[in-house]
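Visitor: sequence plus the predicted model coming up.
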Amino acid sequence: MKPKIRNPHIGSSFDDFLKEEGIYDEVREKTELDLIAIRLEEARRRQRITKPEMAKRMRTTLLTVKRLFDPSFAGKTLSLLRRAAKVLGFRIAFDLRPSGDFKQKLSAKKIRAIA
């Protein structure tokens, strides 16, 4: 009978895996930029604005606009996404929230304050 090989990642979350690999922040940032791009692409289509027209309004090249909406393109920048949002009548807003670790520390302080 063969011995079972234990997977160290079983039971952990995907976030834990990314943190162990040291790429959590990088992956999260790319994902957030991609999600903004997806929403902008949906808005562009709803407004029936072609990619060439979008490039003209943004005063950039068609290739830049195509890359902006290409999920495999990793070179998206917040600046470019903001320009696209403005052309479509949107603005990109951010929210600052405590991280999970900080929330736990706050809860522990509140519990001690109540006790």
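Guide: Great, that's in hand.

Visitor: and residue 79, how many neighbours does it have?
Guide: 8 (other Cβ atoms under 10 Å). All C-beta atoms are positioned from the backbone trio N, CA, C, and that covers glycine.

Visitor: which SS class is it?
Guide: helix (DSSP: H, G, I helix; E, B strand; the rest coil).

Visitor: now do it against residue 85, distance only.
Guide: Per Cβ to Cβ, to the nearest Å, residue 79 is found 11 Å from residue 85.

Visitor: what's around residue 53, how many residues?
Guide: By other Cβ under 10 Å, the residues close to residue 53 number 15.

Visitor: give me the distance from the helix or strand it falls within to the chain's centre.
Guide: Here residue 53, judged by DSSP states H and E, is contained in helix 51-58. On the basis of Cα atoms, centre = their mean, to the nearest Å, helix 51-58 sits 24 Å off its chain's mean C-alpha point.

Visitor: show me what that helix is in contact with.
Guide: 44, 49, 61-62, 64-66, 69, 83-84, 87 (Cβ atoms under 8 Å, 6 or more residues apart in numbering).

Visitor: brilliant, that's me finished.
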